[in-house]
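Chemist: Need the 3D shape of this:
(2 chains)
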Amino acid sequence: MMDLDWSSIPGALPFLWQGMSVTLEITVVAVVLGIVWGTLLALMRLSGAKPLAWFATAYVNLFRSIPLVMVLLWFFLLVPQLLESVLHLPPGSDTRLASAMTGFALFESAYYAEIIRAGIQSIPKGQMAAALALGMGHGQAMRLVVLPQALRNMLPLLLTQGIILFQDTSLVYVSALADFFGAAYKVGDRDGRLVELLLFSGAVYFFISFAASRLVARLGKKASV
Amino acid sequence: MAYHWNWAVFASPEPSGQTTYLGWMLAGLKTTVTLSLSAWLLALVLGILMGTLRTVPSRPARLLASAWVELFRNVPLLVQLFIWYFVLPELLPAAIGNAYKQMNPMLQQFLAAWICLGLFTSARVCEQVRSGIESLPPGQKNAGLALGFTLPQTYRFVLLPMALRIVVPPLTSEFLNIFKNSAVCSTIGLLELAAQGRQLVDYTAQPYESFIAVTLFYLGINVVVMALMRWLEARTRVPGYMGGAQ
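Modeler: Residues are numbered from 1 along each chain as shown, chains lettered A, B, ... in the order given. The predicted structure follows:
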């Protein structure tokens, strides 16, 4: 049994914080884009237009069947080439952060779409009928009557998915992008203190996720309609 | 963008000449399936045990089980994997730690991946089993006790047989997840499907063929598991419940 030596952590805190800000950036961008695109997918899936519904169903099923690691590998392969040819970036520019954000946003939107679809379906049909009877168009009724209630109902689930996403961002490790976990690993590797740094990063993830899920549980009780 | 498609790459022999690149893929598929199935067994055993403990009257037992769930749910899978693989051997007594480090590296990776995936998934199975047990009417437990069963007997003969049938549909998605999560184990060098795909890219510079093949294999696994679970769901359905047999 080895002796633990935590002395390399205090000096590395600024670097670790940089990593944490990358983690948080990816999480926030992916949650916001994921919810927007997920809502559109859910609306497509519930819409009467067959091709749109098929597209959304295929999209959701595809992304839900592939491991996140594989999705990220795809995006680290495709996005740089796309950016280079569309934006004429010089080859070799660092597009890993953009690739990670796109990958997470498109992947998570499949999960958000399913949460949002269930949320919309949980709203009684009478709400839509009443809005239409008041003279609203279908789009207006969806936007002003159904979606606000549905979003409120599913807020806890959307936030919980956000916590899962926060943990999943550690997988950008496959691209050597220095998020919080990547930073901790690098410091541990450099100082020969991998054991301490891995335990430390595990503890940090635990406290953030645990505290966040407690908050979500409290919020869930408050927000319920 | 001039990319040279070359699907024949799978038929060409890999560097050591023992097999083809397709052989690599199939070896990876085999590792993915073996790892996922064996970790699923571990997850089921521990998950059912912990899920039961979450519902028993004893407070310490309930606390233990909820600590278990919180611990494995709030740390990223990748971090858990690295802790099992890099940290645990250092923290164990020297004799055991050294014995582990002297094992065949492939066995070391497989063992760490197996424990990691099994325990990670057991926390999720635990929550499903708990909600299955809690969904039973309280009369079932009371009736069992009133008939003279002890508490363990009530669980064994009355509550668990019902609860386990009820939780088969929600467990389907956990079963699918374990195959997808196993791809994370490529990060410690375990040569499962995703890792073989990346290795093939390094050796052949044909990333699209490789990734398309790996993606198709995962889709295939998904289809097979869904079909299997649908069959199991139909066989274990409880008559009288939503979606139950007539």
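Chemist: ok, and for the helix or strand containing residue B:161, which residues are buried?
Modeler: Assigned by DSSP states H and E, residue B:161 belongs to helix B:160-166. Within helix B:160-166, the residues that count as buried by 16 or more other Cβ atoms under 10 Å in any protein chain shown are B:160, B:162-166. C-beta coordinates here come from the backbone N, C-alpha and C atoms, glycine included.
Chemist: how about these in a markdown table, adding pLDDT and distance to chain A?
Modeler: Below are the buried residues of helix B:160-166 laid out as a markdown table (pLDDT from 0 to 100; distance: Cβ to the nearest Cβ, whole Å):
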| residue | pLDDT | distance to chain A |
| --- | --- | --- |
| B:160 | 95 | 27 |
| B:162 | 93 | 26 |
| B:163 | 94 | 24 |
| B:164 | 94 | 25 |
| B:165 | 93 | 24 |
| B:166 | 92 | 20 |
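Chemist: quick one, longest helix in chain A?
Modeler: Longest helix in chain A, counting residues (DSSP state H): helix A:8-46.
Chemist: Now find how far off-centre that one is within its chain.
Modeler: In terms of Cα atoms, centre = their mean, to the nearest Å, the centre of helix A:8-46 is found 6 Å from the chain centre.
Chemist: what does stretch B:153-162 give?
Modeler: Worked out by Cα atoms, centre = their mean, stretch B:153-162 lies 25 Å from the chain centre.
Chemist: does the helix or strand in which residue B:226 is found come close to chain A?
Modeler: Per DSSP H and E: residue B:226 is located in helix B:207-236. Yes - shown here: helix B:207-236 in contact with chain A (Cβ under 8 Å from any Cβ of the partner chain) through B:207-208, B:211, B:214-215, B:218-219, B:222.
Chemist: out of those, who has the most neighbours?
Modeler: Of all the residues of helix B:207-236 next to chain A, the highest neighbour tally under other Cβ atoms under 10 Å in any protein chain shown goes to residue B:214, namely 28 neighbours.
Chemist: Excluding chain neighbours, give the residue nearest to that residue in space.
Modeler: Nearest in space to residue B:214, with sequence neighbours left out and distances taken as Cβ to Cβ, 6 or more residues apart in numbering or on different chains, is residue B:197 at 3.8 Å.
Chemist: count of residues packed around the one you found?
Modeler: Using other Cβ under 10 Å as the criterion, the residues surrounding residue B:197 number 26.
Chemist: can you pull the buried residues of the helix or strand encompassing it?
Modeler: Per DSSP H and E, residue B:197 falls inside helix B:193-204. Within helix B:193-204, the residues that count as buried by 16+ other Cβ under 10 Å are B:193-201, B:204.
Chemist: Then stretch A:77-96?
Modeler: So stretch A:77-96, judged by 16+ other Cβ under 10 Å, has buried residues A:78-80, A:83-84, A:95-96.
Chemist: residues contacting residue B:32?
Modeler: B:179, B:182-183, B:192-193, B:221 (Cβ atoms under 8 Å, 6 or more residues apart in numbering or on different chains).
Chemist: Recalculate using a threshold of 6 Å.
Modeler: The contact partners of residue B:32, by Cβ atoms under 6 Å, 6 or more residues apart in numbering or on different chains, come to B:182, B:192-193.
Chemist: quick one: the worst-scoring helix or strand of chain A on mean pLDDT near chain B?
Modeler: Ranked by mean pLDDT, DSSP states H and E, the weakest helix or strand in chain A is helix A:68-87, scoring a mean of 87. Yes - on the criterion Cβ under 6 Å from any Cβ of the partner chain, helix A:68-87 is in touch with chain B at A:69-70, A:74, A:77.
Chemist: when you compare where the helix or strand following that helix runs with where helix A:68-87 runs, what's the angle?
Modeler: Next in sequence after helix A:68-87, counting helices and strands by DSSP H and E, comes helix A:96-121. Angle, helix A:96-121 to helix A:68-87, by axes from the mean of the first three to the mean of the last three Cα atoms, to 10 degrees: 110 degrees.
Chemist: quick revisit: roughly how far does the residue nearest to residue B:214 sit from residue B:191?
Modeler: Per Cβ to Cβ, to the nearest Å, residue B:197 is found 10 Å from residue B:191.
Chemist: got it, and residue A:139?
Modeler: 51 Å.
Chemist: Repeat that for residue A:22.
Modeler: Residue A:22 is 29 Å from residue B:191, by Cβ to Cβ.
Chemist: Show me the shaky parts of chain A.
Modeler: Residue ranges of chain A with pLDDT under 70: A:1-2, A:91-92, A:224-225.
Chemist: What parts of it come near chain B?
Modeler: Close to chain B, as judged by Cβ under 6 Å from any Cβ, chain A has residues A:2, A:65-67, A:69-70, A:74, A:77, A:167, A:170-171, A:194-195, A:198, A:201-202, A:205-206, A:209-210.
Chemist: May I see the ChimeraX selection of the buried members of those residues?
Modeler: Entered in ChimeraX, the line below selects the buried ones among the residues of chain A next to chain B, by 16+ other Cβ under 10 Å:
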select /A:65,66,67,69,70,74,167,170,171,194,195,198,201,202,205,206,209,210
